[in-house]
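Student: turn this into a model:
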Amino acid sequence: MLLAVAAPLALAQKQKSGRQASSQPKIKRLRGASEVAVTKAEMNFAAIARQEALTPPKAVAPKAIHAPLRPVDDAPPQVAAPGDKAAQEDDALASLNAPGESLGPAPAPLSTFPALPDNNTSIPPDTHGAVGPNHVMTVLNTQVRIQDRNGVTLSTVSLDNFWSPLGAGIDPFDPKLLYDPYGQRWILTAVANARSASSSTLMGVSQTTDPTGTWNLSRVDADSTDLAWADYPSLGFNKDWVVVQVNLFPNTSGQSIPNRSQVLVFTKSSLYAVPAGTPSFRRFNIASANQGFTLCPAITYDPALSTMYLIAQPFGSSTIRISTITGPVGAEVLSAPAAALNSGFAWLDDSSSDFAPQLGSNARISANDSRIQNVVYRNGSLWAVHNIYLPGTGANRTGVQWWQLNPGANAVTQRGVIQDPSGVASYSFGSIAVNKDNDALVGYTRFSASQFASANYSFRRGTDPPGLMRDDVVFKTGEAPYFKTFGGSSNRWGDYSSTVIDPLDDTDMWTIQQYASALGNGSSRWGTWWARVRADGTA
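Tutor: The predicted structure follows:
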């Protein structure tokens, strides 16, 4: 399989008359409102796991969690139809691709092991996880599992039971997890109670570096007027703050609400307090979807940086928008957006139906849309990744587009697309990690009519030519066709994945990805799998 990647933006600038920055949008500087969580609790993970193991499991009705929603006042969507063949690549794509150019193989995984299997209660799994000095932790819509670094399972609890100390009636979904190597804490967020007046954003922080121990839990009401509910959290941190962004939607069809995006800036010291206090935070409501929709905060690998960066990709636009949080703790200011960068490159944002192909079935798999998946700040650069549909007209594939941005100069340093120009394979649900040497690992699912959906990654060294990735690696081969809707209209997959840095050396990287597992009791199953990659390729 030919894995084509995009050349650096510098090439596109030479070929396209130096176009880089778009006309800059009007910056909104918001001061937000200071608040505290409405509910707090402490929870011991190991104790909850023991209690769950002794309790007969309750029958759980399988559920299909809604696909990530988009704002109704967004730009007109650019929609791709599955399998259409374009007469020719659009000009920007043709000028940026480097077909046949290869840097050679990526490092083989140092180790791999299973994370959590499909218990047939939820689609999609919403695959996420993190790695600490002694543990590997996986969070899904179904369960939360803690393993040692060799993959031995230590404790597992349901996602519902993890949040149960906050009270009855919490229905969590869309979990995301990070490990803060500076504060030596695990940070878990989720949202709860979709399309409900009781919609909430949930926060959990371990009290130590051991995730099997005690956690601080808290709940934040999504909307004090009970008119809106929160969806699709994005999570990041820097030296002062833990930041969660959620998209807001009206509880009632046709109802108008004044804001479409919400940013919660938690004071890290209040989240990390032992014993658990009531976390304080500042809430920012952003009225314009294009300025704040899925505004993804950075995972900041700089213990001195006081600015928090956030990135969004407005649908229907080839721009990337950077926002910032600045100011003293407790008096933060959100500037949204602080800059807008034009890639000079066209793509489509979404599919009109399930799009990604697979072996053994005519049923295609949902590939979702082009929102930013995760952001990393490292060595003065912002790195980001997202899905795109290619080419810019008549898309016949998805690719994982990655960026390196210079926030100081408001410039694109480089970008690339992990893709197959022949249209045979599609790549989606990417996540990126960057180590201290600027080596980058991008994990994702690969879909193809000649293979079952598999867990893959691509890699580049910091010294490699700009815009290029090495040949992709399959670290968990798909095992069967996948089709699961639970009575819905979509064959759900994703909605995201996680790729992270090893805190022990700041050079090794880990990724957790989804694959099509063997059938269970005659029905389709997804699975999740971890891989550890050593940047220098040594064992």
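Student: only the buried residues of the longest helix anywhere in the chain, if you could.
Tutor: Within the chain, and with DSSP state H defining each element, the longest helix by residue count is helix 45-54. By neighbour count with 16 or more other C-beta atoms under 10 Å, helix 45-54 contains the buried residues 45-46, 48-49, 52. To be clear about C-beta, it is placed using only N, CA and C from the backbone, and glycine gets the same treatment.
Student: what does stretch 207-221 give?
Tutor: With the criterion 16+ other C-beta under 10 Å, stretch 207-221 contains buried residues 207, 209-212, 214-221.
Student: from those, which single one is nearest residue 480?
Tutor: Within the buried residues of stretch 207-221, distances to residue 480 taken as C-beta to C-beta reach their minimum at residue 211, with 32.0 Å.
Student: name the nearest residue to the closest one, sequence neighbours excluded.
Tutor: Take residue 211 and drop its neighbours on the chain: the residue closest to it by C-beta to C-beta, 6 or more residues apart in numbering is residue 186, 4.8 Å away.
Student: which residues pair with the one you found across the strands?
Tutor: The residues paired with residue 186 through beta bridges, assigned by DSSP bridges, are residue 179.
Student: shouldn't it be in contact with residue 162?
Tutor: No: proximity of residue 186 to residue 162 does not meet the contact threshold set by C-beta atoms under 8 Å, at 11.8 Å.
Student: any common contacting residues for those two?
Tutor: Listed contacts common to residue 186 and residue 162 are residue 204; contacts here mean C-beta atoms under 8 Å, 6 or more residues apart in numbering.
Student: any idea how far the closest residue to residue 371 other than its chain neighbours is from residue 337?
Tutor: Residue nearest to residue 371 in three dimensions, not counting chain neighbours: residue 294, with 4.1 Å by C-beta to C-beta, 6+ apart. Residue 294 sits 13 Å away from residue 337 when distances are taken as C-beta to C-beta, to the nearest Å.
Student: need the residues touching each of these two.
Tutor: Common neighbours of residue 294 and residue 337 (criterion: C-beta under 8 Å, 6+ apart): residue 312.
Student: hang on, the earlier thing: for the buried residues of helix 45-54, which one is nearest residue 533?
Tutor: When the buried residues of helix 45-54 are compared for distance to residue 533, the smallest value, 27.4 Å, is given by residue 45; criterion: C-beta to C-beta.
Student: got the contact list for that closest one?
Tutor: When the contact criterion is C-beta under 8 Å, 6+ apart, the partners of residue 45 are 144, 146, 155, 157, 162, 211-215.
Student: which ones among those lie within strands?
Tutor: Restricting the contacts of residue 45 to those inside strands, with DSSP state E as the criterion, leaves 144, 146, 155, 157, 214-215.
Student: farthest-apart pair in those, please.
Tutor: Maximum pairwise distance in the ones in strands among the contacts of residue 45, criterion C-beta to C-beta, is 14.8 Å, between 144 and 214.
Student: helices of the stretch 1-150 of the chain, start to end?
Tutor: With DSSP state H, counting those that start in this stretch as the definition, the stretch 1-150 of the chain shows helices at residue ranges 9-15, 45-54, 91-96.
Student: the stretch 151-300 of the chain too?
Tutor: Listed in chain order, the helices of the stretch 151-300 of the chain (DSSP H, counting those that start in this stretch) span 159-163, 268-271, 289-292.
Student: need the residues that contact the longest one.
Tutor: I take that to be helix 159-163. 43, 45, 48, 51-52, 139-144, 170-173, 175, 188, 190, 192, 202, 204, 217.
Student: give me the element residue 443 is part of.
Tutor: With secondary structure defined by DSSP states H and E, residue 443 is part of strand 440-448.
Student: ok, then the element right after that strand?
Tutor: strand 451-460.
Student: restrict stretch 430-447 to CA atoms and write it as PDB.
Tutor: Extracted as PDB, the C-alpha positions of stretch 430-447 are listed here (Å, rounded to 0.1, in the frame of the first residue of the first chain):
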ATOM      1  CA  GLY A 430      -6.000  10.000  14.600                       C
ATOM      2  CA  SER A 431      -4.200  11.200  17.700                       C
ATOM      3  CA  ILE A 432      -0.700  12.600  18.000                       C
ATOM      4  CA  ALA A 433       2.100  12.700  20.600                       C
ATOM      5  CA  VAL A 434       5.500  14.500  20.300                       C
ATOM      6  CA  ASN A 435       8.500  13.800  22.500                       C
ATOM      7  CA  LYS A 436      11.300  16.000  23.800                       C
ATOM      8  CA  ASP A 437      13.300  15.400  20.500                       C
ATOM      9  CA  ASN A 438      10.300  16.500  18.300                       C
ATOM     10  CA  ASP A 439       9.800  12.900  17.200                       C
ATOM     11  CA  ALA A 440       6.100  12.400  16.500                       C
ATOM     12  CA  LEU A 441       3.800   9.400  16.600                       C
ATOM     13  CA  VAL A 442       0.300   9.400  15.000                       C
ATOM     14  CA  GLY A 443      -2.100   6.500  15.900                       C
ATOM     15  CA  TYR A 444      -5.300   5.800  13.900                       C
ATOM     16  CA  THR A 445      -7.600   3.200  12.500                       C
ATOM     17  CA  ARG A 446      -6.900   2.000   8.900                       C
ATOM     18  CA  PHE A 447      -9.900   0.900   6.800                       C
END
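Student: and that stretch, average pLDDT?
Tutor: Averaged over stretch 430-447, pLDDT sits at 98.
Student: same check on stretch 166-177?
Tutor: 96.
Student: let's have the contacts of residue 45 in CSV, adding distance to residue 379 and pLDDT.
Tutor: As requested, these are arranged in CSV below (distance: C-beta to C-beta, whole Å; pLDDT from 0 to 100):
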residue, distance to residue 379, pLDDT
144, 32, 98
146, 31, 98
155, 35, 96
157, 37, 97
162, 34, 98
211, 28, 98
212, 33, 98
213, 33, 98
214, 34, 98
215, 32, 98
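Student: out of those, give me the two with the largest separation.
Tutor: Based on C-beta to C-beta, the longest span within the contacts of residue 45 runs between 144 and 214 and measures 14.8 Å.
Student: any low-confidence regions in the stretch 1-150 of the chain?
Tutor: Within the stretch 1-150 of the chain, the stretches falling below the threshold (pLDDT under 70) are 1-25, 72-77, 83-102.
Student: circling back to that earlier point, looking at the helices of the stretch 151-300 of the chain, which is buried most?
Tutor: Comparing these on average neighbours per residue, with mean count of other C-beta atoms under 10 Å, the densest one is helix 289-292 at a mean of 24.
Student: if we can go back for a sec, got the contacts of residue 45 as JSON lines, with distance to residue 381 columns?
Tutor: As requested, the contacts of residue 45 are exported to JSON lines (distance: C-beta to C-beta, whole Å):
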{"residue": "144", "distance to residue 381": "32"}
{"residue": "146", "distance to residue 381": "32"}
{"residue": "155", "distance to residue 381": "37"}
{"residue": "157", "distance to residue 381": "37"}
{"residue": "162", "distance to residue 381": "34"}
{"residue": "211", "distance to residue 381": "30"}
{"residue": "212", "distance to residue 381": "35"}
{"residue": "213", "distance to residue 381": "35"}
{"residue": "214", "distance to residue 381": "36"}
{"residue": "215", "distance to residue 381": "32"}
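Student: tell me the one of the residues you listed nearest residue 231?
Tutor: residue 162 (19.5 Å).
Student: tell me how far that closest one lies from residue 429.
Tutor: Going from residue 162 to residue 429 by C-beta to C-beta gives 23 Å.
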